[in-house]
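J.: dropping a prediction and its sequence here:
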Amino acid sequence: MRRVVAGFLLYSGVTAAQVFEIGVSGGRALFRGNNANLGTVLSDPASPQYQMQDGFRLTFRITFNQGRFLGHEIGYAYNHTSLLIPAVSTPVLGGVVTTPAQTVGVPIHQGFYDFLAYATPEGTRARPFGAAGVNFSSFFPPGTSIYSGNQTTKYGFNYGGGLKLRITSVWGVRLDVRWYNTSKPFNFLNQRGRLNQLEASGGVTFNL
């Protein structure tokens, strides 16, 4: 009986230090340099490249802070991004036909888990943190929807950090910077390397 009581008191002490958060953030999904290149339009490696383009990002997060300095986070993000199809000149009988460049919508749906490590203990108003975890990114070609089943899903990892500020006992704000690293989608010609996406976002949190 004493062990049961002691165990209950220990469990109560641990759970009292645990905080549940719900967060919503808006920001940008950013792609830079060769990391944004998805492959070439023609078989020639020197031909123009398909490129991922920046866009708006909306992120929902659920955070479970365990103990004084650690936490776990799962989330979903919608990225309103696009694909740049470059201009291509093709030789034909009697001349050259040029197809103009165009940008088409290619939204990305992401799910992720992150382990969080805080620089300050639970209860502190300002809490800088580092994050690292795993994620999947589903890329939807133009003209498809989340219900079509035509998405290309890639898996990878992410890392970064941020800052949480408690404004009231239940409301707060957060800033996040996160790198998402996945395989490149669509299997275009001469595709090399991995796709790196940068999240820069800010939002609000509701703390329980």
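T.: Noted; the coordinates are in hand.

J.: switch to C-alpha atoms for all contacts and neighbour counts from now on
T.: Fine.

J.: what does the model give residue 2 for pLDDT?
T.: Here the pLDDT value assigned to residue 2 is 53.

J.: again, but for residue 95
T.: For residue 95, the predicted pLDDT is 73.

J.: how about residue 184?
T.: Confidence at residue 184, expressed as pLDDT, is 95.

J.: likewise the one 10 residues further on?
T.: Note on residue 194: pLDDT of 95.

J.: what about stretch 175-192, start to end distance?
T.: In stretch 175-192, first residue to last residue: 32 Å (C-alpha to C-alpha, to the nearest Å).

J.: low-confidence stretches in this protein?
T.: The model of the chain has pLDDT under 70 over residues 1-18, 143-149.

J.: swap the cut-off to 90 and go again
T.: Applying pLDDT under 90 to the chain flags the ranges 1-19, 32-34, 42, 46-47, 66-67, 87-101, 123, 141-151, 169, 208.

J.: show me where it has helices.
T.: For the chain, the helices defined by DSSP state H cover 2-16.

J.: quick one, strands of it?
T.: 19-30, 37-40, 49-66, 70-85, 88-92, 95-99, 102-105, 108-118, 126-139, 152-166, 171-183, 194-207 (DSSP state E).

J.: reformat those strands as JSON lines; add mean neighbour count.
T.: Below are the strands of the chain laid out as JSON lines (neighbours: other C-alpha atoms under 10 Å):
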{"stretch": "strand 19-30", "mean neighbour count": "19"}
{"stretch": "strand 37-40", "mean neighbour count": "24"}
{"stretch": "strand 49-66", "mean neighbour count": "20"}
{"stretch": "strand 70-85", "mean neighbour count": "19"}
{"stretch": "strand 88-92", "mean neighbour count": "12"}
{"stretch": "strand 95-99", "mean neighbour count": "11"}
{"stretch": "strand 102-105", "mean neighbour count": "14"}
{"stretch": "strand 108-118", "mean neighbour count": "21"}
{"stretch": "strand 126-139", "mean neighbour count": "20"}
{"stretch": "strand 152-166", "mean neighbour count": "18"}
{"stretch": "strand 171-183", "mean neighbour count": "19"}
{"stretch": "strand 194-207", "mean neighbour count": "20"}
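
J.: wait, what's in contact with the residue lying closest to residue 181 once chain neighbours are set aside?
T.: Excluding the flanking residues, the one nearest residue 181 by C-alpha to C-alpha, 6 or more residues apart in numbering is residue 196, at 4.7 Å. With contacts defined as C-alpha atoms under 8 Å, 6 or more residues apart in numbering, the neighbours of residue 196 are 31, 32, 35, 36, 179, 180, 181, 182.

J.: repeat that for residue 205.
T.: With contact set as C-alpha under 8 Å, 6+ apart, residue 205 has these partners: 21, 22, 23, 24, 171, 172, 173, 174.
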